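# Make a model of this:
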Amino acid sequence: MLIDVHQHLWSADFVDALRRRRTAPFLDGWTLHLDGEPPYAVDPRAHDAEARAEAERSEGVDLALVSLSAPLGIEYLPPDEAAPLLDAYHAGALRAPAPFGVWAAASVVEPDPAGLSASLDAGCVGLQLPATALLGPQGYEVCGPLLALLEERGRPLFLHPGPAGEAARVAGWWPAMVSYVNEMHAAWFAFRAFGRPAHPRLRVCFAMLAGLGPLHGERALARGGPTGAIDPAVFVETSSYGVRATDAVLRVLGVDTIVLGSDRPYAEPITAQLSDVFGPAAARAFTSENPGRLLDLAAMTTQHTAR
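You can find the predicted model right below:
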């Protein structure tokens, strides 16, 4: 299989739910309004599910996992405001045509394990959370019931950059280059310090090559931080980086940790370059074997057949 673990696709249900709001995050037509950020013109063609599905199939993609756009900040809204948006996201995403699959989303203000369990039963492959929710021990305590459920169900966690807020006022490119990278970097080390001890069986994938956090292992070790031991249940995906950054992380973490992610429609995958740069065996590992282990596709297929 060719699997892309990181895409975004807004259904009509989700768009309508955003348009019903009058405070951030909300849509005015196709203009997105977020706290602390300038209005952003969304391209409606980027969220045409049928056209996107046809494009993925034409490129040989067998599974493309879509997730809630965590920088919107929906997971941080008061629960009564978050619920209609989360419901609309799940309902619309789960109706998307093949090859799309779905990461569940959840409130980090009042985590609801029962709601997450229902989303997994409905077909979601695992849970995405904003990295900003898991930057220290308090975050792992608050989100602990969700992570414990993932462990119990054998489902993975996907950590994605969260809201950038006022950082966007510095420059339009600042959140992508500074805020999101710092979030993922911090989340990488927070998981090693707090997440893994609390959740020894949890499989987790970090967006954006974990903000290149793995490249700082030597400094971490020199300053009394965690060792550079490879965790076989921790993965990083390639979105928004190219083959040079991927190669650098590969040299630190090894071939078994990297999975393909694109962040479409905001970036493009590096699929076509993988075989030429890393060889066919590594390309197959990044696009099929490693994501298969992250998602435990064999177990998911067995569970689905049993139901």
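
# in the stretch 151-300 of the chain, which spans are helices?
Secondary structure of the stretch 151-300 of the chain (DSSP state H, counting those that start in this stretch): helices at 174, 180-190, 196-198, 217-222, 243-253, 271-278, 280-284, 290-295, 297-306.

# can the ones you listed go into TSV with extra columns for mean pLDDT and distance to Gln138?
C-beta here means a position set from N, CA and C on the backbone, and glycine is covered the same way. TSV is the format used below for the helices of the stretch 151-300 of the chain (pLDDT from 0 to 100; distance: least, C-beta to C-beta, whole Å):
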stretch	mean pLDDT	distance to Gln138
helix 174	83	26
helix 180-190	96	10
helix 196-198	97	12
helix 217-222	85	21
helix 243-253	97	28
helix 271-278	96	38
helix 280-284	97	38
helix 290-295	98	27
helix 297-306	58	32
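
# quick one: which of those is nearest Phe100?
helix 290-295 (14.0 Å; C-beta to C-beta).

# can you list the helices of the stretch 151-300 of the chain in TSV and add mean neighbour count?
Putting the helices of the stretch 151-300 of the chain into TSV (neighbours: other C-beta atoms under 10 Å) gives the following:
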stretch	mean neighbour count
helix 174	15
helix 180-190	22
helix 196-198	14
helix 217-222	13
helix 243-253	16
helix 271-278	15
helix 280-284	15
helix 290-295	22
helix 297-306	11
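
# which helix is the longest one in this structure?
helix 79-94 (DSSP state H).

# rewinding a little: and Tyr140, which of the helices of the stretch 151-300 of the chain is closest to it?
helix 196-198 (5.6 Å).

# Give me the contacts around the closest one.
Tyr140, Gly144, Leu147, Leu202, Asp231, Val234 (C-beta atoms under 8 Å, 6 or more residues apart in numbering).

# quick one, phi/psi of the third one?
Per-residue torsions, Leu147: phi -70, psi -40 (degrees, to the nearest 10).

# try the fifth one
Recorded main-chain torsions at Asp231 are phi -100, psi 110, according to degrees, to the nearest 10.

# Check the gap between the closest residue to it other than its chain neighbours and Glu151 for me.
Leaving aside its sequence neighbours, Asp231 sits nearest to Arg196 (C-beta to C-beta, 6 or more residues apart in numbering; 6.7 Å). Going from Arg196 to Glu151 by C-beta to C-beta, to the nearest Å gives 12 Å.

# Pull up the overlap in contacts between the two.
By C-beta under 8 Å, 6+ apart, the residues touching both Arg196 and Glu151 are Leu202.

# Nearest approach to Val109 belongs to which of the helices of the stretch 151-300 of the chain?
Here helix 180-190 is closest among the helices of the stretch 151-300 of the chain (C-beta to C-beta), at 18.1 Å.

# I'd like to check which residues are in contact with Pro163.
With C-beta under 8 Å, 6+ apart, Pro163 has these contacts: Leu34, Asp35, Ala70, Pro71, Leu72, Gly73, Tyr76, Pro130, Thr132.

# What about those, which are in strands?
Of those, the ones assigned to strands by DSSP state E are Pro130.

# would you list the contacts of Pro163 in JSON lines and tack on neighbour count, pLDDT and distance to Glu50?
Formatted as JSON lines, the contacts of Pro163 follow (neighbours: other C-beta atoms under 10 Å; pLDDT from 0 to 100; distance: C-beta to C-beta, whole Å):
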{"residue": "Leu34", "neighbour count": "19", "pLDDT": "91", "distance to Glu50": "28"}
{"residue": "Asp35", "neighbour count": "15", "pLDDT": "86", "distance to Glu50": "33"}
{"residue": "Ala70", "neighbour count": "27", "pLDDT": "95", "distance to Glu50": "25"}
{"residue": "Pro71", "neighbour count": "23", "pLDDT": "94", "distance to Glu50": "26"}
{"residue": "Leu72", "neighbour count": "21", "pLDDT": "96", "distance to Glu50": "24"}
{"residue": "Gly73", "neighbour count": "20", "pLDDT": "96", "distance to Glu50": "29"}
{"residue": "Tyr76", "neighbour count": "18", "pLDDT": "97", "distance to Glu50": "32"}
{"residue": "Pro130", "neighbour count": "25", "pLDDT": "98", "distance to Glu50": "29"}
{"residue": "Thr132", "neighbour count": "25", "pLDDT": "97", "distance to Glu50": "33"}
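
# Right, I'll leave it there.
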